Structures are given as C-alpha cells and as structure tokens.
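Colleague: compute the structure for the input listed below.
(chains A and B)
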Amino acid sequence: MGGDYSPLAHGIGGRQDLPVPLETAIVAAVAALIVSFVVLAWTVRRHDASDEPMPVSPVRERPVPRVERLVDSTAWRVGLRTVGMLLFAYTVMVGVFGQDLEINPIFGIFYVWWWVGLVPFSLVFGPAWKAISPVRTINAGINVLRGDDRGLYEYDEKRFGYWPAAIGLLAFAWMELVYPHNSYLGPVRLWCAIYVAAMLIGGQLWGTRFYANADPFEVYSSLVARLSVWGRNAAGRLVVRSPLTNLDTTLRPHTGLVAVVSVLFGTIVFDSFRDSIPWLKFTQNNGFITSHSWAPYTVNNLALFVFPLAVAGFFCAGTMLTGVGDDLDRRRLPVLLAPAVVPIVAGYVVAHYMSYWWEGGQATLQQVSDPFSNGGNWFGTANLKINYFFAYHPTLLADLKVLSVVIGHVLGVISSHKRAIAVLPRKHMITGQIPLLVTMVGFTVGGLYLLFAA
Amino acid sequence: MRRLVAILAALLGMAGLLAGCGGSSSGSNTASKTKVIHITFSGSSVTPNGARVDVKVGQKVEFVVKADTAGQIHVHSSPEKQLDYNAGTTEIQVGSFAQPGLIEVESHALDKTIVQLQVQ
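Modeller: I've put the predicted structure just below:
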C-alpha cells in the first residue's frame, strides 16, 4: 500500500468546517470587548466605593456526600482503572498486531479519542485522565511488587513544575501538525512507546507526583477539569461549585503553567492558521521556500515553536506592564495571573475540535470493531452510520463555536480581574489590568479571526 | 455580580440573534451549472496555488488539467477521491458534494494545496 493515503487531517477524510460567517465573528468580538470593559468598570465602581480592602466573598459550594461515597469507593476506582487498562491493552494490540492502514483504529484512538476526547470528558467529569491513566496503574503495580510506594527522588515541583508536560504537549502537537508521516502506524506506535517508557521511568524515579506534573495528558486534563463543577474543599470533601469558583479556588500558580498554556493555545492556533489562505499562499509561492526541498518542513517546525513563544511573549508583556509595589516581583506576575487564560484556551479548544470530535469520534467507534482490518465486527459498531449533524447545520455549528470562545473569554476576564485585585497594589489596580485585558481581547479576537479565515 | 450576569446574558442573546440572521441565505439551488476549475501543472509549480473556490451543495465540479507529466490529484472529501491525469489536457468529472464543508484539493507529489472547495 505504501504512501497512498494522506495524513489524517482535521475532519474525516480532510473535509473541514466551513469558516464562521464574518457577521458572527464580528458580533462575538464586539461582545467580548464590551464584556471586558464592563468587568473593568466594575472594579472602578467597587474601588471608588470604599477604601477598605476588597471583601473576599465566601466560596459557594455544596458537598455531595452520596457522589463522594461512590467515587471514593474502591470498586469505583478499580473499575475506572480497569477501563483505562482495557483501553491501553486494546491500543497496544492494534499498535502491534494491526495493519498499517488508514482504517486501523489506532489513529482515531490516538488523535481523536485520546487527545480531543480528553477535553469534553474532563470538562464534564473532572480530572478524567488521572482516574484512568494506565501509566499510573502500571506504576502502582510495579510499586506493589517492589513493596515501596515512593520514588527514588523527590520531584522538585518548585523548580520543574509543569515544564516536562509542556515539552510533552509540544511533542504531541509536532506529531499531529508537523510530522509528515503521522498517519503511518510505525511513528504513532513509536510515539506511544516513548511516552509510556518515559512515564514509567519517571514514575519510578520521582513517584506519583511526577504524573501530576510531567504527564502531558494528565496536566492537560486536570487543567481543563478546573472548569468542571467538581472540586475538593480544604477538608478533602467532594463539592460542587461553579466552574469559575472552581478555577479560582483550585488552580494555584505553578511553575511552568505559562508554558503549558502557551503551548496549548499556540499550537491550536497554528493548527487553524496553517489552513488559512494567507499561510498557504506564503508557503507555496515564496521563492525561497519552494526552491528548497527542506524548506516547507523547516518552516512548519519553526512555526510550531514560534506560535507558543508568541503567545507566551504577549501574555508576559500583558501581565508585567503594570505598576507593582515593593513587595511584588514583576516577573512573578505572569505565573500569578496565568490561571485566568485557561478558560480562554478551553473555549478555543472546544470551538476548534467540536465537529472533529463529533465525526472523528464516531468514525473511531466504527473502526474499533475491526481491529485487524479484516472485516471484523467485534463490538457490533462496524456498520454504524456516521451522523454528520454539524456538517448539515453549519450556522448552528458556527454559533456554538463562537459562543464557546466568548464564554471562555468572559470566564477568563472575570477570573483575571479577581486575581488582579488580589495581586496588584490598590494604586495600580485599574490601570494594571488594562494591558492584560488588551492581551486577552487580542487572544480572543485572534481566535475568532482564525475561525473566520481558516 | 447579578447585574453583570444580566448584561452578559443580554449581550450573548444579541450575538445569537444577529448570528442567526447572518447565515440563512441558502435556498433551493441544487445542481445549477457545472463548476469548471482549470488546473495547470508545470514542473514543480501548479496554478491555482492555494485559492478558495465557492461550490454549491450538489453542484457538479469538473477539473480541466493541463500538465507536462501525468500525475494524481487528491480530493479530501469523505470518502476521499484520487483522480489521475495524463500529460496534455485531461478533463476530470469530480462529481458533486452532498455535505457542506471545506474540501482541500491537493497534489501530494508536489505537497501543495491547489484549491480549497468551499461547499455550502
């Protein structure tokens, strides 16, 4: 068969979403802009009202003891771990014994169920990957055999934090967006093997804390899970909160958080951008790029790094351009305010992958019934008719995409506002928020532009 | 806080309303005229080179390919189509597309996007 099939582009068979209509994008951008300044005006009013320190509103949350009893029960936890291990075993099976064909379910499992599916599951159920992570389960198994639960060393969270995860996320994005042979079995299998090996070695060296910091999928999933309604209070009880409260109370500044957020946002923005007409015209018409065979690949590689760097650069500038008191180091500001970008990223991720998850997820469900590409129907889903709902309702899809970007922006702005109040000295409270606000509006409008242009 | 929520709700409602008005222009226009797209290959270059072409749902599409050597064009619809052309001029009936969406037409040998068909 060889090179007869194309890389798995976004959307089955490469059919992609229609661009969002210009009117929709503009309305959304204006809404985002107005909301941002309403939130800022809100500070001004509250600021003028009194000279007292801002009252800290009590955390509104509701304990859910019944659900807690269920999810903390051994049966539940073992059940989820079993689900994770079964998925893992199936993936290993098709990776090792499956054929190198486009219909091998490993591609759908890798690019759609795992990478894209992580987000909706974490948004709805909380930290989903942590609960089923097969690398955590295998690590626990090794620890039982060793008779020791700890790693050899302490993981230095202050120093390394999320940095290993940021590198892992970039490695995934490279595989998905840049590597030309990403729809061949060999490379996908190799990527997964390196991931599993790194995770198991890391788990033995640095204990389970390694997974919370270095497993790209766990960090991504747990980050998105802060926008779910599920949380734990200080006493470790399971509570239901509003997503915004959950984000504000649970996401603490963490080394490498800016890097993770920038990689996620930057690579997904690049994914949209590389299909846009200006980028195609540039890479396909530029004399230098077209006359050197290595140039297109190099340009793509460079772009994959430049986009996250640009996101990080804008964000750091936006947070640091403020007056600070003597007790606050300006360089601490990006990491202190980074949690506020998480909803913007999540909103854009949802918009970007909505139809891909719907159609690709179903196609994968169809393919898993035939693991060895010989016409099998293991789970009875091989003849499933894919429902192309979003393809036939492009206006609804466009509205949902734009709505999710705007909701993400609103949550992000409110969250950054709360954090700025807590962090910035009173004198700079209002002016200090403006550069960050401009950055966030820039991210949102940029995202909307790409939904319109790409 | 409550007032803020009210303002947000009003704005989002407005956005939805406006968006709803914007996108409802497609009538009952199936299979009018065949869309003919001229494609020229010469050496390692191709024209058009990353252009976007509007196509209606159900409209027939035809490629008229002029090339110096034979090759293959990939149409990334679902299912995908691989279309062969010869040296000289080849007329290819691509057929029509039932689902709205953006469909890339590529030359894998050149690793270039020729056109994107915007089907709606």
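Colleague: and the residue in chain B that chain A sits nearest to, what pLDDT?
Modeller: Relative to chain A, the nearest point of chain B is B:His76 (2.5 Å; CB to the nearest CB). From N, CA and C alone the C-beta is placed, and that goes for glycine too. Listed pLDDT for B:His76 reads 87.
Colleague: okay, it and B:Phe63: tell me how far apart.
Modeller: 14 Å (CB to CB, to the nearest Å).
Colleague: again, but for A:Val445
Modeller: Taken as CB to CB, the span from A:Val445 to B:Phe63 is 37 Å.
Colleague: equivalent analysis for A:His352, please.
Modeller: For A:His352, the distance to B:Phe63 - CB to CB - is 31 Å.
Colleague: looking at these two, which one has more neighbours?
Modeller: Higher neighbour count among A:His352 and B:Phe63: A:His352, with 25 against 21, using other CB atoms under 10 Å in any protein chain shown.
Colleague: helix, strand, or coil at the more buried one?
Modeller: Using DSSP: H, G, I helix; E, B strand; the rest coil, the structure places A:His352 in helix.
Colleague: list the contacts of the closest residue to it other than its chain neighbours.
Modeller: Closest residue in space to A:His352, ignoring its immediate chain neighbours: A:Ile268 at 5.5 Å, by CB to CB, 6 or more residues apart in numbering or on different chains. Counting by CB atoms under 8 Å, 6 or more residues apart in numbering or on different chains, A:Ile268 makes contact with A:Val345, A:Tyr348, A:Val349, A:His352.
Colleague: for chain B, give me the ranges with low pLDDT.
Modeller: B:1-31 (pLDDT under 70).
Colleague: dump the residue contacts of the residue most central in space within it.
Modeller: When CA atoms, centre = their mean is applied to chain B, the residue found nearest the centroid is B:Leu117 (1.0 Å). Taking CB under 8 Å, 6+ apart as the contact definition, B:Leu117 lies against B:Val53, B:Val55, B:Val61, B:Phe97, B:Leu102, B:Ile103, B:Glu104, B:Val105.
Colleague: so which of these are in strands?
Modeller: B:Val53, B:Val55, B:Val61, B:Leu102, B:Ile103, B:Glu104, B:Val105 (DSSP state E).
Colleague: among the residues you listed, which one has the most neighbours?
Modeller: In the ones in strands among the contacts of B:Leu117, the most neighbours by other CB under 10 Å go to B:Ile103, 27 neighbours.
Colleague: bridge partners for it, pull those for me.
Modeller: B:Leu117 (DSSP bridges).
Colleague: might one say that it is in contact with B:Val75?
Modeller: Yes. Between B:Ile103 and B:Val75 there is a contact under CB atoms under 8 Å: 6.5 Å.
Colleague: between the two, what contacts are shared?
Modeller: Counting by CB under 8 Å, 6+ apart, nothing touches both B:Ile103 and B:Val75.
Colleague: can you list the ones in strands among the contacts of B:Leu117 in JSON lines and add distance to A:Thr439?
Modeller: Output for the ones in strands among the contacts of B:Leu117, formatted as JSON lines (distance: CB to CB, whole Å):
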{"residue": "B:Val53", "distance to A:Thr439": "37"}
{"residue": "B:Val55", "distance to A:Thr439": "39"}
{"residue": "B:Val61", "distance to A:Thr439": "43"}
{"residue": "B:Leu102", "distance to A:Thr439": "30"}
{"residue": "B:Ile103", "distance to A:Thr439": "35"}
{"residue": "B:Glu104", "distance to A:Thr439": "33"}
{"residue": "B:Val105", "distance to A:Thr439": "38"}
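Colleague: wait, which of those residues is closest to B:Phe41?
Modeller: Set against B:Phe41, the nearest of the ones in strands among the contacts of B:Leu117 by CB to CB is B:Val105 (12.7 Å).
Colleague: just the strands in chain B please.
Modeller: According to DSSP E, chain B carries its strands in the segments B:35-42, B:45-47, B:51-55, B:61-67, B:71-75, B:81-85, B:88-95, B:101-107, B:112-119.
Colleague: now the fourth one and strand B:51-55, what's the angle there?
Modeller: Same thing as strand B:61-67. Orientation note: strand B:61-67 sits at an angle of 150 degrees relative to strand B:51-55 (axes from the mean of the first three to the mean of the last three CA atoms, to 10 degrees).
Colleague: quickly run through the sheet partners of strand B:61-67, with directions.
Modeller: strand B:35-42 (parallel), strand B:88-95 (antiparallel).
Colleague: swap in the third one?
Modeller: For strand B:51-55, the pairing partners within the sheet under DSSP bridges are strand B:112-119 (parallel).
Colleague: tilt between the strand it pairs with and strand B:71-75?
Modeller: 40 degrees.
Colleague: tell me the pLDDT at A:Gly376?
Modeller: Reading off the model, A:Gly376 has pLDDT 90.
Colleague: relative to chain B, how far out is it?
Modeller: 20 Å (CB to the nearest CB, to the nearest Å).
Colleague: now for the longest helix belonging to chain A, which elements pack on it?
Modeller: For chain A, the longest helix by residue count, based on DSSP state H, is helix A:394-423. In terms of contacts (3 or more CB pairs under 8 Å, 6 or more residues apart in numbering or on different chains; DSSP states H and E), helix A:394-423 is packed against helix A:22-49, helix A:243-250, helix A:333-337, helix A:342-367, helix A:433-453, helix B:2-22.
Colleague: so the closest residue to A:Tyr184 other than its chain neighbours, which of the three states?
Modeller: Counting by CB to CB, 6+ apart, A:Tyr184 lies nearest to A:Asp100, which is 6.2 Å off, once chain neighbours are set aside. With three-state DSSP as the basis, A:Asp100 sits in coil.
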